[in-house]
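A.B. asks: Here is the input, now give the coordinates:
(2 chains)
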Amino acid sequence: MKKAWMTIISQTNIARNIYEMTLEGELVDLMSSPGQFVHIRVTEGLDTLLRRPISISCIDKENRQCKITYRAEGKGTMLLAMKQPGDKLDVLGPLGNGFTVEELQRGDHALIVGGGIGVPPLLELTKQLNRRGVSTTHVLGFQSKEDVFYKNDFAYFGDTYVATVDGTYGTEGFVTNVLEEIQPPFMTLFACGPTPMLGALENLFPDKNVYLSLEERMGCGIGACFACVCHLQNDPEGYSYKKVCTDGPVFRAGEVVL
Amino acid sequence: MSCISIKLPGLDLKNPIMPASGCFGFGREFAKLYDLNVLGAIMIKATTAEPRFGNPTPRVAETNAGMLNAIGLQNPGLEKVMSEELPFLADYNVPIIANVAGSLIEDYVKVAKEISAAPNVHALELNISCPNVKTGGIAFGTDPAVAFEVTKAVKEVSEVPVYVKLSPNVANISEIAVAIEKAGADGLTMINTLLGMRIDLKTGRPILANGTGGLSGPAIKPVAIRMIHEVSQKVSIPIIGMGGVQSAEDVLEYIFAGASAVAVGTANFVDPFVCPTIIEELPYKMHELGFEDISECIGRSWKQHAKIAYSRA
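C.D. replies: Reported below is the predicted structural model:
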């Protein structure tokens, strides 16, 4: 973890309110695990004050570049979307524990499920898995056709299915509708997306190896403020806890209360 | 270069900058980023007799120039703080100010008695002003008689000087401060967060799961400055000021208002290196303004001018 200035190389609007930004800087040297995030100060002024946690969607160590992908929704991410190539960003990272790819070997098969703005960190994950000889099937869920992104990027690495809630693209409904339809064989499931989606996947595959990446409002992003704390499933009312920012954001299914 | 060391009851500070309670955990996370030895002191996270999980999430919401939090005093409890957190901090040459919280006066007394005996705890900060807990917290800090009682009870058992953290959520803060001074407090820390709320337009409900939260950050700085300016003229015990401090200039404004040292809270989340940065800049800023010693700056806003009367209709 380090705080450093990174230079914006490119900024592209890739779907409705979804932006992909390429950043360059020495911070990339520290990036390794897919699913980690960076904490960005979008303005030096007071509005907005707090940093924004954003997923890393691609790590390119050779060129000291990474891609971050975010939805411009609130004031902070809107300001981020207005940044131009050449601008510099105050970036703290990489933060959190990402997905572990080392458990899977050549010939294994992984199922990757993403929902909405949970999709980006899974792109670096599938890239790293495929590099290890692990084959992957991808199921991506969005609200509508205009919200779909990275479909072709995932398709490059393996079979890729899309669900949209309004049925304007791919299967109508949720990622679980696709899973019922295709029943893919897999040994490990990696997922990132809205909490109800993660809960549904946890219930659907109780006997599988399942890793879920959670999202929670954060203060510091480094484990000091206790803003993003969650209960453990084996102690749902007690004092035990995990912090999404530092113990996660990736947890094994069944570990924390969703 | 200007001298920035200062002595306060129980605290021999190499500089007047310390992270505020609740914004720095027990130091472990920031220790990965910089050498904690540079800090004047550390105000550790509130400790209660028993462990607390705190409030449901979401626990933070951003506001203009500030943030709301409703963490709810989550902490591992007195036993673990004594056995795991304080020994970790003992590796650093930094005085620790232990923030003590509770639901009953007996809780405050129990925690204060035990934690004040820890070798690296140099002072207590009595938390009678947390707005995010249903019992205890702010309930003790808004009534002068109750504030007096809890302060006196803690003073009787504490082995180190006791600072009491004041709530800004009162009509007459001086009245509370004077009661606390009479009870024997060695110092005041002020201010705690201002009770606030934000509403999510999509759901029509408050953003924080707790409904309300404590407002901190630069948005509250003018409120804190006014309160310190007022209280420092009414009491003779020192004040550690806090609320939106982000820079060496902010620190001096607090000290001019009447504080003797300053704690940095929310800014640690914005820039985790803010404390060492301020410590480095402070002597230069003082020198620029023509001050050789930090003690010359304390209360300058009212010492050099006619006192401002804080009368109320």
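
A.B. asks: what about B:E249, which SS state?
C.D. replies: helix (DSSP: H, G, I helix; E, B strand; the rest coil).

A.B. asks: For it, which non-adjacent residue is spatially closest?
C.D. replies: Excluding its sequence neighbours, the residue lying closest to B:E249 (Cβ to Cβ, 6 or more residues apart in numbering or on different chains) is B:K285, at 6.4 Å. Just so you know, the C-beta spots here come from the backbone N, C-alpha and C atoms, and that holds for glycine as well.

A.B. asks: swap in B:N64?
C.D. replies: Nearest residue to B:N64, sequence neighbours excluded (Cβ to Cβ, 6+ apart): A:D47, at 5.4 Å.

A.B. asks: With B:K14 instead?
C.D. replies: B:K14's closest residue in space is B:S5 (Cβ to Cβ, 6+ apart), at 5.2 Å.

A.B. asks: shouldn't that neighbour be in contact with B:S295?
C.D. replies: No - using Cβ atoms under 8 Å, B:S5 is not in contact with B:S295; the gap is 9.4 Å.

A.B. asks: Would you mind pulling up the elements that whichever helix or strand the residue nearest to B:E249 is part of packs against?
C.D. replies: For B:K285, the host element (DSSP states H and E) is helix B:274-289. Helices and strands touching helix B:274-289, by 3 or more Cβ pairs under 8 Å, 6 or more residues apart in numbering or on different chains; DSSP states H and E, are strand B:17-19, helix B:248-257, strand B:261-264, helix B:267-270.

A.B. asks: want to throw the ones you listed into TSV with mean pLDDT?
C.D. replies: Converted to TSV, these look like this (pLDDT from 0 to 100):
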stretch	mean pLDDT
strand B:17-19	98
helix B:248-257	98
strand B:261-264	98
helix B:267-270	97
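
A.B. asks: Of these, flag the one that's most buried.
C.D. replies: strand B:261-264 (a mean of 28; mean count of other Cβ atoms under 10 Å in any protein chain shown).

A.B. asks: ok, back up a step: what is the burial count for the residue nearest to B:E249?
C.D. replies: Using other Cβ atoms under 10 Å in any protein chain shown, B:K285 is surrounded by 17 other residues.

A.B. asks: so who does it touch?
C.D. replies: B:A248, B:E249, B:L252 (Cβ atoms under 8 Å, 6 or more residues apart in numbering or on different chains).

A.B. asks: who touches the first one in this structure?
C.D. replies: What that stands for is B:A248. By Cβ under 8 Å, 6+ apart, the neighbours of B:A248 are B:I278, B:E281, B:L282, B:Y284, B:K285.

A.B. asks: which element follows the strand ranked longest in chain A toward the C-terminus?
C.D. replies: In chain A, ranked by residue count with DSSP state E as the criterion, the top strand is strand A:2-15. Next in sequence after strand A:2-15, counting helices and strands by DSSP H and E, comes strand A:18-24.

A.B. asks: so that next one versus strand A:2-15, what angle?
C.D. replies: Going by axes from the mean of the first three to the mean of the last three Cα atoms, to 10 degrees, strand A:18-24 is angled at 140 degrees with respect to strand A:2-15.

A.B. asks: tell me the mean pLDDT for strand A:18-24?
C.D. replies: Mean pLDDT, strand A:18-24: 98.

A.B. asks: Now do the SS call for the residue nearest to B:K165 when sequence neighbours are not counted.
C.D. replies: Of all residues not flanking B:K165 in the chain, B:T189 sits nearest, at 4.5 Å (Cβ to Cβ, 6+ apart). Here B:T189 is strand, with the state taken from three-state DSSP.
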